[in-house]
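Q: Could you work out the structure for the sequence below:
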Amino acid sequence: MPDPHVTLRDKVLEQVLNGPGETETSLRNAVATNTGVPADLQSLVDKIHTHAYRVTEHDIARLKGSHDEDALFEIIVSAALGASHKRLLAGLDALSEA
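A: Sure, this is the predicted structure:
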């Protein structure tokens, strides 16, 4: 069965990762795929991709000296959307194979 939400979901992902923002699109795409992430952001992005519920205020506060709040918001949202998109595709693949 085809995914009825694919068009809307892909539009949202495209806009978040490649639309206008405070951060470079290359950074948003890097954190979404968790590849080529700058060293100062790697710990946070890894945590978002593996155990997002473990992200704490300390994780965010540690980065506020080098990134403003708007940039951190975009980085966090991009990482979360990238991680969820990966999981969604894995789930849809598993369903199609069943």
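
Q: in the helix or strand hosting Leu8, what counts as buried?
A: Using DSSP states H and E, Leu8 sits within helix 6-18. Within helix 6-18, the residues that qualify as buried are Leu13, Val16, Leu17, counting by 16 or more other Cβ atoms under 10 Å. Every C-beta, even on glycine, is put in place using the N, C-alpha and C of the backbone.

Q: which ones are touching the residue lying closest to the last one once chain neighbours are set aside?
A: It stands for Leu17. Using Cβ to Cβ, 6 or more residues apart in numbering and skipping the chain neighbours, the partner closest in space to Leu17 is Arg28 (4.8 Å). For Arg28, the contacting residues are Val16, Leu17, Asn18, Gly21, Glu74, Ile75, Ser78, by Cβ atoms under 8 Å, 6 or more residues apart in numbering.

Q: now the helix or strand where Arg28 lies against helix 6-18, angle please.
A: Following DSSP H and E, one finds Arg28 within helix 25-33. Using axes from the mean of the first three to the mean of the last three Cα atoms, to 10 degrees, the inter-axis angle of helix 25-33 relative to helix 6-18 is 120 degrees.
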